[in-house]
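Asks: model the structure of this input:
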Amino acid sequence: MSNKHYGPALIDDQTIRTAHTHFAWTRVIAYALIGVRLWAIAIGWLTAWQGWQGTLAQIAWFFTKAALLSFGGAYAVLPYVYQGAVEHYHWLTATQMIDGLALGETTPGPLIMIVTFVGFVAGWTHQILGGNNAALSGIIAACVATFFTFLPSFIFILVGAPIVEATRHNIKLTAPLSAITAAVVGVILNLAVFFAWHVFWPQGWNGNFDWLGALMAMVIFVGLWRFKWGTIPVVLGSALFGLLLTLIRTV
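Replies: Modelled structure (predicted):
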């Protein structure tokens, strides 16, 4: 084990808090008002453009609600996104959602960026700008989904960071958060079941079981758990295997 010392951290538990990190009602109200105003202007403009029942307004409203429910990160909120985008609004199919999740897992950045993919497919399939502008429709819808997903998050950060910092060692608040963490684990387990269902039964419960997919999942699980395979080689190897299998089946 290396004993190399890299010097003191710029920010650690012993760092003296500066003035702007302390809680202040004036700062909370100012940030909240700015954030709410940005949200209201954007969703108001979308509603005026295409109506409240228009695709863009509904994307904005749906992903605002998704952002407000995103305790625990992407794995906790994605089941809600799936239920809304696939089952309620029919913006994309379950297979497309699985493809988006796979794409999100293989690219840098947070998995929550799948909302951009969902927004793009929604704009593309609903052709919000007409049939000759499918790509532009998808890009606009993707931007709307991204904006309304991250705007509440930034408001929470700017408003809540001083509160979190002040209550970090307060057991009265950390104990309930532990319970929330346990609930989030259950939600993540639900997402794992969702993955397994749509991968092993691509056509639903009445369809054929994908034995090759199940075998591949078992091999990868053993490799990751027992032999400590690297994530990137597993992802690349799985992609190449899937591509080869698709080519064989189409020949």
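Asks: which residues in the stretch 1-150 of the chain form strands?
Replies: Counting by DSSP state E, counting those that start in this stretch, the stretch 1-150 of the chain has no strands to list.
Asks: so where's the protein shaky on pLDDT?
Replies: The model of the chain has pLDDT under 70 over residues 1-6, 9-15, 17, 20, 70-72, 165-171, 173-174.
Asks: remind me, longest helix of it?
Replies: In terms of residue count, the longest helix belonging to the chain (DSSP state H) is helix 134-166.
Asks: for that one, buried residues please.
Replies: Within helix 134-166, the residues that count as buried by 16 or more other C-beta atoms under 10 Å are 134, 137-149, 151-152, 155-156, 158-159, 162. No exception for glycine: its C-beta is placed from N, CA and C like everyone else's.
Asks: again with stretch 33-51
Replies: Gly35, Trp39, Ala42, Ile43, Leu46, Thr47.
Asks: Ala217 versus the last one, what's the distance?
Replies: Using C-beta to C-beta, to the nearest Å, we find Thr47 at a distance of 44 Å from Ala217.
Asks: and the fifth one, by the same measure?
Replies: Noted for Leu46: a distance of 41 Å to Ala217, by C-beta to C-beta.
Asks: Trp205: which element?
Replies: Using DSSP states H and E, Trp205 sits within no helix or strand.
Asks: just to revisit the earlier point, okay, and which of the buried residues of stretch 33-51 map to helices?
Replies: Gly35, Trp39, Ala42, Ile43, Leu46, Thr47.
Asks: in JSON lines, list those along with distance to Thr21.
Replies: Shown next, in JSON lines, are those (distance: C-beta to C-beta, whole Å):
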{"residue": "Gly35", "distance to Thr21": "19"}
{"residue": "Trp39", "distance to Thr21": "25"}
{"residue": "Ala42", "distance to Thr21": "29"}
{"residue": "Ile43", "distance to Thr21": "31"}
{"residue": "Leu46", "distance to Thr21": "35"}
{"residue": "Thr47", "distance to Thr21": "37"}
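Asks: packing partners of the helix or strand encompassing Gly242?
Replies: Taking DSSP H and E as the criterion, Gly242 maps to helix 231-250. Applying 3 or more C-beta pairs under 8 Å, 6 or more residues apart in numbering; DSSP states H and E, one finds that helix 231-250 contacts helix 211-225.
Asks: packing partners of the helix it packs on?
Replies: If you count contacts as 3+ C-beta pairs under 8 Å, 6+ apart, helix 211-225 packs onto helix 171-200, helix 231-250.
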